[in-house]
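Asks: Quick one: sequence plus predicted model below, questions after.
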Amino acid sequence: MGLTIAQKIIRDHLVSGEMIPGTEIALRIDQTLTQDATGTMAYLEFETMGIPRVRTERSVAYIDHNTLQSGFENADDHRYIQSVCRKHGVYFSRPGNGICHQVHLERFGKPGKTLIGSDSHTPTGGGIGMLAMGAGGLDVAVAMGGGAYYITMPKMYKVELTGKLRPFVTAKDVSLEILRQLSVKGGVGAIIEWGGEGVSTLTVPERATITNMGTELGATTSIFPSDEITREFLKAEGREEDYIPLASDPDAVYDKILHIDLSELEPLIACPHSPDNVVTVASLKGTKVDQVCIGSCTNSSLQDMLKVAALVKGCTIQPSVSLSISPGSKQVLSMLADCGALTDILASGARVLECACGPCIGMGFSPNSGGVSLRTFNRNFEGRSGTADGQVYLCSPETAVAAALTGEITDPRLLGEMPAIPFPNRFRIDDSAVLAPASEEEAPSVEVLRGPNIKEFPQSHPQLDTLSAPLVLKVGDNITTDHIMPAGAKILPYRSNIPHLSQFCFGVCDTTFPERAKQAGKSIVVGGSNYGQGSSREHAALVPLYLGVRAVIAKSFARIHAANLINAGIMPLSFKNPEDYDQLSQDDLLEITGVYAGMDSGEMTLVNKTTGVEVTLCADFTERQKAILKAGGLLAYTKEMGEK
Ligand code: MIC
Ligand code: SF4
């Protein structure tokens, strides 16, 4: 039987397990990346392993999220990351050099390699045929130490592309179309391969937009073939030697095949507050717009920015609109400057922000109260922009420009002719903002600089055979990690200070949660389907752990968050009958006896002590996961293994 692209890469990196969907496999990881909002924790975890130097082919730390240094906290954490990387063999991309996924694609990603990153949009690397996955910080730390990465072998989906995008219809519209078709949980447990004749009409940055937003489908990752277009891109980045061709076999088997005719697509837009809430741009014609933000790891390539510059050239944005533009990397920004496009952008009245995540993670540029903000980003979860009642829509750079120029949601095709944007045959290469680590001889004398914001790691607890605890919080479907552990300029500086962060846990759902959880001592949280979707932040598990949460019971879980809960020693359990969700109410006292036997049989009985009702739960854990939970989390488990 033929293999898909992903299966070929998995086969070449398989450390244990078999390629049977639904079973556990372990993969050798060639490259890792971290960003600063998850990186501090990941390197603290790496340090506890006592391994002197990373064992990957390439590990890179990016500073791109917490770049507003409005106090000592972020600056201290950045110094910590810089020094710990220097000591342990990790390349360090300085603040201002760009967004991790954009820079990694430009400078380090390689077709056929495995990459895990402590950021959920790591699948951006799939745009050049990498098997690139988002993971919790602890999993990245283990991979840096040479350990395998464990996942459930995914199913294989394929999207067959035919035709060619028409002017003003973009890769972002392809992403929105697939979200419209599949929803934010449609990719759970699957790898999405993009194929068909339409692939050859898409550039690498366009492919990367699509694999980036595959994260919003809940997919394990997304991947494109590596072909002549990939070779051209790598050649223009001065690294043609990194190219290898990669394609699926003609008789490869897929669990699902979808079709998109690129020529039939039209400009699309995702409405508040979910990336799958997709309608046509034309259907929202005339909606007044207050703010427009162009950038993020989804749409900040040189190609995107050149289109924006060409469309705003000679025009001025509406007085009622505030426009921000964040180029994805120093390479993009300097090339915009070289060709004069930056001047066109500035002349339009746009505010040019630094090459970083910025507004995407609520680091400034929050909309006005109730403001309508059109963003070329990938997530529009409630409150994520920093303005609780902000109305965030997701769209392409073309649709964003049309709104900035007209002051309302406007089909970009009304802007007239799309100027031709030539793809450069040579990018401006300047890696001076990537600092190499110290040599092995020098490394022992490098001092790791720790600031006072770095606080103790939360204490984990071995799972006992009986769990008796109150249900402190019951939430609905599609709860994101932004609900569980919000980000934004005020909270992000405390990513290495779990006690401080804990005050904001579940703040979007119920501000009384932290206090009530602390009072309960031990507690259980109940959720609906796709619990924990969105980011890879392990803080969404570590903070509940700190507050005493011992189990989360949900209709279903998002992949990375379920792994993070297990790594933190918290049991993710699911309802055997999803309707039983209605049998549990906030403040009920819940009890599970025979936890260990339940882990072995795959089922546990929960007794609602308040109502007397019994509910069956699925406890679908691998042997390794059971051992981690019994030990009280991955760090405790690794320590136990080391002592044996
Ligand atoms: C995000 O887009 O939500 C983030 C911020 O990049 C997160 C990582 C984080 O929370 O630090 C992600 O996507 O994993
Ligand atoms: Fe940064 Fe936004 Fe991309 Fe997350 S989604 S990595 S916050 S740009």
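Replies: Structure received. Since the model is a prediction, treat every value here as computed from it, not as a measurement. Ligands and ions are numbered 1, 2, ... in the order given.
Asks: Leu606 in helix, strand or coil?
Replies: Assigned state for Leu606: strand (three-state reduction, DSSP: H, G, I helix; E, B strand; the rest coil).
Asks: Write out the residues of the stretch 251-400 of the chain neighbouring ligand 1.
Replies: Neighbours of ligand 1 within the stretch 251-400 of the chain, by C-beta under 6 Å from any ligand atom: Ile361. Any C-beta I mention is one placed from the backbone N, CA and C, and that applies to glycine too.
Asks: Spell out which parts of the stretch 251-400 of the chain neighbour ligand 2.
Replies: Proximity of the stretch 251-400 of the chain to ligand 2, by C-beta under 6 Å from any ligand atom, involves residues 296-297, 357, 360-361, 377-378.
Asks: if you set the cut-off to 8 Å instead, what comes out?
Replies: Contact residues, the stretch 251-400 of the chain versus ligand 2 (C-beta under 8 Å from any ligand atom): 295-298, 300, 356-358, 360-361, 377-379.
Asks: Pipe those residues into CSV and attach secondary structure, neighbour count and pLDDT per row.
Replies: Output for those, formatted as CSV (DSSP: H, G, I helix; E, B strand; the rest coil; neighbours: other C-beta atoms under 10 Å; pLDDT from 0 to 100):
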residue, secondary structure, neighbour count, pLDDT
Gly295, coil, 33, 98
Ser296, coil, 26, 98
Cys297, coil, 30, 98
Thr298, coil, 32, 98
Ser300, coil, 33, 98
Ala356, coil, 32, 98
Cys357, coil, 32, 98
Gly358, helix, 26, 97
Cys360, helix, 26, 98
Ile361, helix, 26, 96
Phe377, coil, 30, 98
Asn378, coil, 25, 98
Arg379, coil, 27, 98
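Asks: Looking at those residues, which one is closest to ligand 1?
Replies: Proximity of those to ligand 1 (C-beta to the nearest ligand atom) peaks at Ile361, which lies at 4.7 Å.
Asks: Report the contact partners of the closest one.
Replies: Residues near Ile361 by C-beta atoms under 8 Å, 6 or more residues apart in numbering: 37, 65, 384, 487-488, 492.
Asks: Narrow those residues to those in strands?
Replies: Per DSSP state E, strands hold no members of these.
Asks: Give the burial count for the nearest residue to Pro424 once chain neighbours are set aside, as a bare number.
Replies: Once flanking residues are discounted, Pro424 sits nearest to Ala236: 5.9 Å by C-beta to C-beta, 6 or more residues apart in numbering. Other residues near Ala236 come to 17 when the count uses other C-beta atoms under 10 Å.
Asks: What distance do you get for Ala236 to ligand 1?
Replies: Distance from Ala236 to ligand 1, counting by C-beta to the nearest ligand atom, to the nearest Å: 27 Å.
Asks: Over to Phe513?
Replies: Taking C-beta to the nearest ligand atom as the measure, Phe513 falls 19 Å from ligand 1.
Asks: is it true that that residue touches Ser502?
Replies: No. Phe513 is not in contact with Ser502 according to C-beta atoms under 8 Å; the separation is 9.7 Å.
Asks: Centroid-nearest residue for this structure?
Replies: The chain has Ser120 as the residue nearest its centroid, 1.8 Å off, counting by C-alpha atoms, centre = their mean.
Asks: surely it meets Ala132?
Replies: No. Using C-beta under 8 Å, Ser120 is not in contact with Ala132, being 11.0 Å away.
Asks: Between those two, which contacts overlap?
Replies: With C-beta under 8 Å, 6+ apart, Ser120 and Ala132 have no common neighbours.
Asks: Write out the residues of this structure neighbouring ligand 2.
Replies: Contact residues, the chain versus ligand 2 (C-beta under 8 Å from any ligand atom): 35, 37, 64-65, 99-101, 119-121, 212, 295-298, 300, 356-358, 360-361, 377-379, 487, 535.
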